[in-house]
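Asker: Below are the sequence and a predicted model; questions follow.
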Amino acid sequence: MDYDVKDLTLADEGKRRILWADGDMPVLQAIRERFENEKPFSGKKMSACLHVTAETANLLRTLKAGGADIYLCASNPLSTQDDVAASLVRDFGIPVFAIKGENRDVYYRHIEKCVAHQPVVTMDDGADLVSDIHAKHSEMAGQILGSMEETTTGVIRLRAMERDGALKFPVIAVNDAATKNLFDNRYGTGQSTIDGIVRATDVLIAGKIFVVSGYGWCGKGFAMRAKGMGAKVVVTEVEPIPALEAAMDGFWVMPMEEAAGIGDVFVTLTGDIHVLRPEHFAKMKDGAIIANSGHFNVEIDIPGLEKMAKEINRGIRNFVDQYVLPNGRRIRLLADGRLVNLSAAEGHPASVMDMSFATQCLTSEWVVKNSEKLEAKVYKVPKEIEDWIATLKLKSMGIGIDELTEEQKDYLSSWTMGT
Ligand code: ADE
């Protein structure tokens, strides 16, 4: 079997962590059981470019149980859990190409391995695999039945491709499903970003001023959790509606220009480029911590910071580099500006990835079943899939809900009944 992981002797620990995570993924387990019997992907080659974590391992096990012949590579050079990668290879027979800290060349070489597998279904977190196929292997486009996209940044890229008429096969915006973004983006990012910052710095959150850039679901989740732990939270935004929402949720809202001088900890969650840049670094307090929890490491202008610094102290703690500015103030950058929650911590907890990855599995099955009807467009996840997952998740949590009475159904479907 072809693979490239750090060290197979890490597999015992990886297996323990995969099985522990599986215990918190009941919806995925139920799907795996059905897939084992029905084999919806029988004979299908799949390639996935995802964060290589214990939760992803359980997704891959489920797709394999469904008959898929599947390869996995990393969707970020720093998010791979090397023990999990080792166990996927040794214990679950899944070819993995991912090493934590791999450089750009190795990262793209690993993506090429997933392309060379000649998949008919692909799965992405950030659209690097789909982009690579479009840019370098467009002859393969015709064989791809569909591709699932896991994250906001990836969906933005794919919609831009669709708008420019460049998209060559169907993609499904898994990120946009309620069973994904309301839970994974909000509660997952909220908790795991706090976790990454605390593991990297051991900072006390209570009493600090946190500056949160971006008030989408990820920003909302993180702002909520920081506030809950006693931080004073400032939100920066470029869109008026989320800015208003943040203000009415009780956060200070102001331009980064102002926030830069008062923040203790800055976190970007926008999906955009250079949200923190030299004019902001110049205003920051001594000891300011800056981190990113958006998909790509472009939200902080790191080359700009490097250029400004008179001294750089790398690795003053794991995942912390210190930049000393000409004014003598020290700025601490976490995890090279890569996703702090996956680089310095373990990513979102399994219980929330259960819903995201259940959505991935059922959407992949839907793509295979409906491929004849699909065009080169960005599709939504079918509503029945979302309802099924939410129902099963509620059941696994021991939560019951009411059912409409016949009278209520009539009322909701009629327009004649008034006051
Ligand atoms: N994205 C965020 N957290 C994750 C996790 N635990 N596994 C895979 N992808 C993730």
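Answerer: Thanks, I have it.

Asker: Now do the contacts for the residue of the stretch 301-419 of the chain found nearest the ligand.
Answerer: Nearest residue of the stretch 301-419 of the chain to the ligand: G347, at 2.9 Å (CB to the nearest ligand atom). For every residue, glycine as well, the C-beta is placed using N, CA and C. Neighbouring residues of G347 by CB atoms under 8 Å, 6 or more residues apart in numbering: 51, 53, 55, 79, 188, 192, 341, 353.

Asker: Would you confirm that the last one contacts D22?
Answerer: Put plainly, it is M353. No. Using CB atoms under 8 Å, M353 is not in contact with D22; the gap is 10.8 Å.

Asker: re earlier: make TSV from the contacts of G347 and add neighbour count and distance to I273 to it.
Answerer: Listed next are these as TSV, based on neighbours: other CB atoms under 10 Å; distance: CB to CB, whole Å:
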residue	neighbour count	distance to I273
H51	27	21
T53	23	26
E55	31	28
S79	23	20
G188	25	24
S192	26	23
N341	30	20
M353	27	27
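
Asker: May I see the residues you listed organised as a markdown table, with pLDDT, distance to the ligand and secondary structure added?
Answerer: Shown next, in a markdown table, are the contacts of G347 (pLDDT from 0 to 100; distance: CB to the nearest ligand atom, whole Å; DSSP: H, G, I helix; E, B strand; the rest coil):
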| residue | pLDDT | distance to the ligand | secondary structure |
| --- | --- | --- | --- |
| H51 | 98 | 4 | coil |
| T53 | 98 | 4 | coil |
| E55 | 98 | 4 | helix |
| S79 | 96 | 7 | coil |
| G188 | 98 | 6 | helix |
| S192 | 98 | 6 | helix |
| N341 | 97 | 6 | helix |
| M353 | 98 | 5 | helix |
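
Asker: just curious, which of these is nearest to R314?
Answerer: Nearest to R314, judged by CB to CB, of the contacts of G347 is S79 at 19.8 Å.

Asker: and the stretch 1-150 of the chain, which of its residues are near the ligand?
Answerer: 51, 53, 55-56 (CB under 6 Å from any ligand atom).

Asker: farthest pair in these?
Answerer: Using CB to CB, those span at most 8.4 Å, a distance reached by H51 and E55.

Asker: what's the closest of the contacts of G347 to K64?
Answerer: For those, the nearest to K64 is E55 (15.2 Å; CB to CB).

Asker: I figured V212 hits L269, correct?
Answerer: Yes. V212 is within contact range of L269, at 6.8 Å (criterion: CB under 8 Å).

Asker: which stretches of this structure aren't confidently modelled?
Answerer: Of all residues in the chain, none has pLDDT under 70.

Asker: One more pass at 80, please.
Answerer: Scanning the chain for pLDDT under 80 picks out 417-419.

Asker: What distance do you get for the spatially most central residue of it to Y411?
Answerer: By CA atoms, centre = their mean, the chain has its centre lying nearest to T151, at 5.2 Å. Distance of T151 to Y411, computed by CB to CB, to the nearest Å: 40 Å.

Asker: cool, and E365?
Answerer: In this view, E365 and Y411 are 35 Å apart by CB to CB.

Asker: More neighbours: which of these two?
Answerer: Set side by side, E365 and Y411 show more neighbours around E365, with 20 against 11, by other CB atoms under 10 Å.
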